[in-house]
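Enquirer: Please find the sequence and the predicted model below.
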Amino acid sequence: MKEVRRELSREDRRNWSAKITASILRLDAVRQAKNVFVYVSYRTEVETHGLIRELLAAGKEVATPKVINSPVMNAVVIDTWDDLQPGAFGILEPADGPAHTGPFDVCITPGLAFTTSGKRIGYGQGHYDHFFAHHDVASIVGVAFDAQIVSHVPTDVHDRAMDRIVTEQQTILTDSP
């Protein structure tokens, strides 16, 4: 799936990310949210830098991931884009700040592949699985390019399904509980 995403042109990834951002901002769960936990995109992921800026401009409390050690990932509130700096893997993360323990209204979640039933496979470190097991999140929104929607992904009993998945072509309301 990494290769599938890498083969998408930079222009397509940029244009499709903008469409995904617009769709996310139209979701009732996001419009009504007081706080949003959102990943900071890296390399060929669906780009979230514009989304983060839009959420901050809309007055939302925005938290982004800060990896402490695998699989522990904290949500740290940022006030401006400038609160982010490159972390251990070169991914932008909050420079400092206390962990926000929730509850969270919305979590914008990355992944390598998703099914239409809301199952997700990540990058193998377990950060989001661990996070969802320890934090109350009202609405989990997976984001991906349409090419990342597949018929099956391996999952474990502790994996939490996405409530919605947003791609450049569709918003999938899953059948997750």
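Expert: That came through, no problem. Residues are numbered from 1 along each chain as shown.
Enquirer: which residues of the protein fall in strands?
Expert: Along the chain, the segments classed as strands by DSSP state E run 35-38, 61-69, 72-78, 84-86, 92-94, 104-109, 113-114, 120-121, 137-143, 164-166, 171-173.
Enquirer: Of the ones you listed, which is nearest residue 130?
Expert: Using CB to CB as the measure, strand 72-78 is the one of the strands of the chain that comes nearest residue 130, at 6.5 Å. (C-beta placed from N, C-alpha, C; glycine too.)
Enquirer: May I see the strands of the chain organised as TSV, with mean pLDDT added?
Expert: Supplementary listing: the strands of the chain in TSV, determined by pLDDT from 0 to 100:
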stretch	mean pLDDT
strand 35-38	98
strand 61-69	93
strand 72-78	94
strand 84-86	95
strand 92-94	96
strand 104-109	98
strand 113-114	97
strand 120-121	95
strand 137-143	97
strand 164-166	98
strand 171-173	96
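Enquirer: Of all those, which one is nearest residue 9?
Expert: Across the strands of the chain (criterion: CB to CB), the nearest stretch is strand 137-143, sitting at 18.4 Å.
Enquirer: What segments of the chain are helices?
Expert: 2-6, 10-26, 28-32, 49-57, 127-134 (DSSP state H).
Enquirer: could I get those helices as CSV with distance to residue 164?
Expert: Rendered in CSV, the data for those read as follows (distance: least, CB to CB, whole Å):
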stretch, distance to residue 164
helix 2-6, 20
helix 10-26, 9
helix 28-32, 8
helix 49-57, 15
helix 127-134, 15
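Enquirer: so can I have JSON lines of those helices showing mean pLDDT?
Expert: JSON lines is the format used below for the helices of the chain (pLDDT from 0 to 100):
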{"stretch": "helix 2-6", "mean pLDDT": "92"}
{"stretch": "helix 10-26", "mean pLDDT": "98"}
{"stretch": "helix 28-32", "mean pLDDT": "98"}
{"stretch": "helix 49-57", "mean pLDDT": "98"}
{"stretch": "helix 127-134", "mean pLDDT": "92"}
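Enquirer: and of those, who's closest to residue 166?
Expert: Using CB to CB as the measure, helix 10-26 is the one of those that comes nearest residue 166, at 5.0 Å.
Enquirer: Counting by contacts, list what the closest one packs against.
Expert: Packed against helix 10-26 by the contact rule (3 or more CB pairs under 8 Å, 6 or more residues apart in numbering; DSSP states H and E) you find helix 49-57, strand 137-143, strand 164-166.
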